[in-house]
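# sequence first, predicted model second:
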Amino acid sequence: MNVVIIILAAGKGTRMGLTDKPKVMAELCGKPLIGHVLDAIIPLQPKEILPVIGYKKEIVEQYLFEQYPGIKSTYQLEQLGTGHAVMQTAERLSNYDGYVLILTGDTPLINTQTLLDLLNKTQDLSPAPIAITVSTFLDEPKGYGRILRTSNGDFVGIMEEKDASDAERLIQEINTGMFLVQSRHLFDALSNISNANVQGEYYLTDIIGYLYKQGHTVAAIPALNSSEFMGINTLAELQQAEAVYSSTSKHSS
């Protein structure tokens, strides 16, 4: 599949206590988080890889230059949300008309095969969705955006926790932060979402509700292995991810 991959990698890592480097440069088993993500996506041979970097961007850029030459970053100079971050790639993708895979740079356990399965599954769906997100189920979904469905199971949107009602917070199906969106519709949706929410940010997750209301097909595909989508926000989560990584590495070797 002809695909461009965007990696959201502009965050600070405040909750991890990082003051000298951005979150994606925190190391898991001796390698920065973004390095693990890149190692998973490079075998897919995407048309282009676009990391969106911001906080202490020169540190990420130096690492990419040394370890992954040829990958050119896009800058998010103000932290105005995930939707705003993706919008920074609009100019670079102005002539591209295919699917865009959006990942976060703090999910180091993601597997190449999982990404390949998602791309293949998309081609099998009919009608082909304009936008797909990968969801998973958590017993304790605190901190994640919730998947909103109608009473008959249709996927209609994603509600970020800080904006969710008490009832919505009980939903255990969560958004992993991975999206596959048709390029033209992605940037149309991003230019039509607002930042009228608790955090005053442009949420990437809001594109789903917008596209659904426009009558487009959207889908949320549950992941088979939720641990692959573990986002790293705290030192405790980093330690947890290292334990998972070490056990799976031994298993695969």
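Received it, and whenever you're ready, just let me know what you need. Because the structure is predicted, anything quoted here is derived from the model rather than measured.

# alpha carbons only for contacts and neighbour counts from here, please
OK.

# which residues in the stretch 1-150 of the chain form strands?
Using DSSP state E, counting those that start in this stretch, the strands found in the stretch 1-150 of the chain span residues 3-9, 27-28, 31-32, 48-53, 74-75, 99-104, 131-137, 146-149.

# may I see these arranged in JSON lines, with mean neighbour count, distance to Asp206 and mean pLDDT as well?
As requested, those are exported to JSON lines (neighbours: other Cα atoms under 10 Å; distance: least, Cα to Cα, whole Å; pLDDT from 0 to 100):
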{"stretch": "strand 3-9", "mean neighbour count": "24", "distance to Asp206": "16", "mean pLDDT": "97"}
{"stretch": "strand 27-28", "mean neighbour count": "18", "distance to Asp206": "31", "mean pLDDT": "94"}
{"stretch": "strand 31-32", "mean neighbour count": "16", "distance to Asp206": "29", "mean pLDDT": "96"}
{"stretch": "strand 48-53", "mean neighbour count": "23", "distance to Asp206": "19", "mean pLDDT": "97"}
{"stretch": "strand 74-75", "mean neighbour count": "20", "distance to Asp206": "21", "mean pLDDT": "96"}
{"stretch": "strand 99-104", "mean neighbour count": "23", "distance to Asp206": "14", "mean pLDDT": "96"}
{"stretch": "strand 131-137", "mean neighbour count": "23", "distance to Asp206": "12", "mean pLDDT": "93"}
{"stretch": "strand 146-149", "mean neighbour count": "22", "distance to Asp206": "11", "mean pLDDT": "97"}
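
# quick one, which of those strands is nearest to Phe229?
Phe229 lies closest, by Cα to Cα, to one member of these: strand 131-137, at 8.5 Å.

# adjacent strands (with direction) for the closest one?
strand 173-182 (antiparallel), strand 218-222 (parallel) (DSSP bridges).

# deepest of the ones you listed, which one?
Comparing those by mean neighbour count (mean count of other Cα atoms under 10 Å), strand 173-182 ranks first with a mean of 23.

# rewinding a little: of the strands of the stretch 1-150 of the chain, which is nearest Leu211?
With Cα to Cα as the yardstick, what comes closest out of those is strand 131-137 (8.0 Å).

# angle of that closest one against strand 99-104?
40 degrees (axes from the mean of the first three to the mean of the last three Cα atoms, to 10 degrees).

# from what I can see Ile41 touches Leu109, true?
No. The pair Ile41 and Leu109 fails to qualify as a contact (Cα atoms under 8 Å) at a distance of 11.7 Å.

# looking at these two, which is more packed in?
Higher neighbour count among Ile41 and Leu109: Leu109, with 22 against 19, using other Cα atoms under 10 Å.

# and the nearest residue to that one once chain neighbours are set aside, what pLDDT?
Spatial nearest neighbour of Leu109, excluding adjacent residues (Cα to Cα, 6 or more residues apart in numbering): Glu228 at 4.6 Å. On pLDDT, Glu228 comes in at 90.

# ok, now which ones touch the closest residue to Tyr245 other than its chain neighbours?
Excluding the flanking residues, the one nearest Tyr245 by Cα to Cα, 6+ apart is Leu109, at 6.7 Å. Leu109 makes contacts with His36, Val37, Ser227, Glu228, Phe229, Met230, Ala241, Tyr245, as judged by Cα atoms under 8 Å, 6 or more residues apart in numbering.
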